[in-house]
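In: coords below, sequence missing:
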């Protein structure tokens, strides 16, 4: 957490950091934390989406043998469900929160 810069919250300009200014500081810090959390969640959803595309592209590589492709196919079912769950949860919760 960043140190308190009292000049940013001293509305009266008297050099005193009073209760209302402290509450404003706390709200500002809560808002910053929420924004950081949403940015991390969006990055996680994008990483999951990109991972699905990369995994799909890897399955179509020309040097991939049929035996290896069969073993990857069983794993890919769980992989796609997990990644789609992450992306779907992010999109669903984001939409739900924006419509509240």
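Out: Everything's here; your move. If you're wondering where the values come from, they're calculated on a predicted model, not measured in any experiment.
In: ok, residue 34 to residue 94 distance?
Out: 13 Å (CB to CB, to the nearest Å). In this view, the C-beta of every residue, glycine as well, is placed from N, C-alpha and C.
In: which residue of those two possesses the greater neighbour count?
Out: residue 94 (14 against 10; other CB atoms under 10 Å).
In: need the phi and psi values for the more buried one.
Out: Main-chain torsions, residue 94, degrees, to the nearest 10: phi -60, psi -40.
In: contacting residues for it?
Out: Listed by CB atoms under 8 Å, 6 or more residues apart in numbering, residue 94 has no contact partners.
In: and it, what pLDDT?
Out: With respect to pLDDT, residue 94 scores 87.
In: the spatially most central residue of the chain sits in which helix or strand?
Out: The centroid of the chain falls nearest to residue 41 when counting by CA atoms, centre = their mean (1.2 Å). Assessed by DSSP states H and E, residue 41 sits inside helix 19-59.
In: low-scoring pLDDT stretches of this structure, where are they?
Out: 1-17 (pLDDT under 70).
In: how close does residue 51 sit to residue 25?
Out: Residue 51 is 39 Å from residue 25, by CB to CB.
In: cool, and residue 66?
Out: 63 Å.
In: who has more neighbours out of those two?
Out: residue 25 (16 against 7).
In: that one and residue 34, how far apart?
Out: With CB to CB as the criterion, residue 25 and residue 34 are 15 Å apart.
In: ditto for residue 63
Out: For residue 63, the distance to residue 34 - CB to CB - is 46 Å.
In: over to residue 88?
Out: Where residue 34 is concerned, residue 88 sits at a distance of 22 Å (CB to CB).
In: now swap in residue 73 and tell me
Out: 41 Å.
In: cool, residue 79 as well?
Out: Counting by CB to CB, the gap from residue 79 to residue 34 is 31 Å.
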